[in-house]
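J.: I'll drop the sequence and a predicted model, then ask my questions.
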Amino acid sequence: MSISKRCPKCHTWNNDRDYCEQCNQLLNHETARKIEVEQQEQQHLNREKDSVDIFLHNMRHSRYIIIRAVFYLFYSVWFVFTAIVSLGVAIVAAGPG
């Protein structure tokens, strides 16, 4: 069974197509969402790095082992803190009621 879709731009009915036969307008919402997500990922990858990102990258890839150790120590503490807060939120959300 074919699914007919009406083009919002030119009002032409299309059978089982992602794009309109007449005006080439995108009709499939899933494809439109995939294209939008890909564009957002590209924008994120192409964005300019801020000073915090550069600082953390330099710490993580430092040639001095003590600086890398400090980075991973703080990273581990932050991970544990986030896990504890998440557990607390889950307990509150699953509380009475």
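T.: Right, received. Where do you want to start?
J.: all strands of this structure, in order?
T.: 4-6, 13-15 (DSSP state E).
J.: between these, which one is nearest to T31?
T.: Closest approach to T31 among the strands of the chain (CB to CB): strand 4-6, 12.1 Å. Quick note: C-beta positions are derived from backbone N, CA and C, even for glycine.
J.: ok, and what's touching the closest one?
T.: 12-15, 17, 27 (CB atoms under 8 Å, 6 or more residues apart in numbering).
J.: any of those residues buried? List them.
T.: 14, 27 (16 or more other CB atoms under 10 Å).
J.: I3: which of the contacts of strand 4-6 is nearest?
T.: Closest to I3, out of all of those and judged by CB to CB, is N15, at 7.3 Å.
J.: quick one: Y19 from Y72, how far?
T.: Y19 is 49 Å from Y72, where distance means CB to CB, to the nearest Å.
J.: in TSV, list the strands of the chain along with mean pLDDT and distance to I91.
T.: Output for the strands of the chain, formatted as TSV (pLDDT from 0 to 100; distance: least, CB to CB, whole Å):
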stretch	mean pLDDT	distance to I91
strand 4-6	83	47
strand 13-15	85	51
